[in-house]
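> What follows is a protein structure lacking sequence information:
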């Protein structure tokens, strides 16, 4: 069985190594990580493990998950998110933007948002940045909350709450008696 060969210049991911192929020989492949370190990978590693060729096609689908509060109308939220993403120049206009209600989370109802952009790593980062910013801005403009995790504490017994008065002694001060005054 023959594998589809990667080419010099392809961005790949294999066994935790992500980078651009710079050189291919019979024994090894040189992969320049995106942080600029050179990794020399034995071809046996590339043969024995799955290799993702990230740039084999000109476009890739990307996704993020965004949560909205439980009191949000989900149809409205989906429309706001979709419109925000569809209005961006960094996404492929001829491909559909998908917005799906995904799950009930602890503090939010989560949506999966998917779009297409270029396959280069910079395209992914640029489009993800633009999508996150546009969605956040659109949700803010429409009064849709992106909630923080909430914690509700429940006590079995009622807790007494001491009312603090201006003249009441603080915990770090000794109480004065009438004879001290």
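Perfect, I can see it now. This one's a predicted model, so the numbers in the text were calculated from it and none came from an experiment. Numbering: from 1, shown residues only.

> remind me which residues of the chain are low pLDDT?
1-4, 163-181 (pLDDT under 70).

> who are the neighbours of the lengthiest helix in it, in terms of helices and strands?
Criterion DSSP state H: the longest helix present in the chain is helix 121-141. Contacting helix 121-141 under the criterion 3 or more C-beta pairs under 8 Å, 6 or more residues apart in numbering; DSSP states H and E are the following elements: strand 59-68, helix 74-86, strand 109-118. Where C-beta positions appear, they are placed from N, C-alpha and C, glycine not excepted.

> most tightly surrounded among the ones you listed?
The highest average neighbour count among those, using mean count of other C-beta atoms under 10 Å, belongs to strand 109-118 at a mean of 19.

> Nearest residue to residue 71 in space, please, no chain neighbours.
Spatial nearest neighbour of residue 71, excluding adjacent residues (C-beta to C-beta, 6 or more residues apart in numbering): residue 145 at 7.9 Å.

> actually residue 142, sorry about that
Nearest residue to residue 142 in three dimensions, chain neighbours excluded: residue 80, at 5.0 Å (C-beta to C-beta, 6+ apart).

> Enumerate every residue touching that neighbour.
138, 139, 142, 144 (C-beta atoms under 8 Å, 6 or more residues apart in numbering).

> coming back round to it: TSV please, covering the helices and strands packed on helix 121-141 and showing distance to residue 158.
Putting the helices and strands packed on helix 121-141 into TSV (distance: least, C-beta to C-beta, whole Å) gives the following:
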stretch	distance to residue 158
strand 59-68	33
helix 74-86	37
strand 109-118	33
